[in-house]
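Colleague: I would like to see how this sequence folds:
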Amino acid sequence: MQLRDGAAGPGFLALAGLMVLALAVFVRQENRLRKAGSTPLLNLQVFQVPAFDGAVLGLLLVQFLCLGVGFLLPNYAQIVLGSDPFAAGCILLPGCLLGAALAPVSGRLYDRLGARKPLILGSCAIILSFGLYQLALGKAAIPGLTAIYVVFTLGQGLSAGNILTYALENLPESIQPDGNTVCNTLQQLAGAVGTSVCAALVAAGQAGRALAEGTSLGTAHAFHLLLVLALCQGACMVWALGKNRQAVSSH
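Modeller: The predicted structure is shown next:
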């Protein structure tokens, strides 16, 4: 089905505004409960630690990118490249298998090498993958897009779990469970927003155009945004790692 509301359509903007308003009301209510001596649903005091803030933002961007590209690639393969639904779905399979294999390995690398090398390497792989997508869209077939997705999942595998570990390590032990709860909650939100934004950009490209042409244009615009966010994710990790070094040196 071709969507015509577009990224700037009134429905999308209304829902986005409602989401921001709901978040603001929630934060205000949580702070009010904490000041009154009650137990809030989420302890927002975890955001008073700069290294945690930078790491969590980097983690949310990884989740945004993961769900965004997971939405874009199968749709692009099916609508633009004309592949069948099974082949379009399998475009993600090799990367998912690599991600599953990396889960135990990346943790060991973190324990052996510390936080900096795995997190920076993961961010570099993520940025590289979205840089390659800028060159591949409109030129590469399914095998090429699949290979680039493998590069992305390499970065994701080195990043996601290790970022969470790094974020929690920077919190006092007494509020680490709160930090874990905050991260898990926000990851769900980031993934939902990632899918919604990418879908809206594709819909904007489809408006007034043939389905394949519009999907190709909208997907290209979405990948431009994802590249910018990948660069922001890398900047967040460099900033968070720098805050940790400052804290260590100050002691």
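
Colleague: Next up, the contacts around Leu145.
Modeller: Contact partners of Leu145, counting by Cβ atoms under 8 Å, 6 or more residues apart in numbering, are 73, 76-77, 91, 133, 136. (C-beta placed from N, C-alpha, C; glycine too.)

Colleague: Recalculate using a threshold of 7 Å.
Modeller: Leu145 is in contact with 73, 77, 91, 136, counting by Cβ atoms under 7 Å, 6 or more residues apart in numbering.

Colleague: Are any of those residues buried, and if so which?
Modeller: Among the contacts of Leu145, those classed as buried by neighbour count (16 or more other Cβ atoms under 10 Å) are 73, 77, 91, 136.

Colleague: between those, which is nearest Gly161?
Modeller: Gly161 has its nearest neighbour among those in Leu73, at 22.6 Å by Cβ to Cβ.

Colleague: residues contacting that closest one?
Modeller: Counting by Cβ under 7 Å, 6+ apart, Leu73 touches 91-92, 145, 149.

Colleague: and it, what helix or strand is that in?
Modeller: Applying DSSP states H and E as the criterion places Leu73 in helix 50-79.

Colleague: For Gln30, grab the count of nearby residues.
Modeller: Quick fix: residue 30 reads Glu, not Gln. Per other Cβ atoms under 10 Å, the neighbour tally for Glu30 reads 17.

Colleague: contacting residues for the nearest residue to it once chain neighbours are set aside?
Modeller: Leaving out its chain neighbours, the residue that sits closest to Glu30 by Cβ to Cβ, 6 or more residues apart in numbering is Pro40, at 4.3 Å. Shown in contact with Pro40 (Cβ under 7 Å, 6+ apart): 30, 33-34.

Colleague: Format these as TSV; extra columns: pLDDT, secondary structure and distance to Asp84.
Modeller: Shown next, in TSV, are the contacts of Pro40 (pLDDT from 0 to 100; DSSP: H, G, I helix; E, B strand; the rest coil; distance: Cβ to Cβ, whole Å):
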residue	pLDDT	secondary structure	distance to Asp84
Glu30	73	helix	48
Leu33	72	helix	52
Arg34	70	helix	54
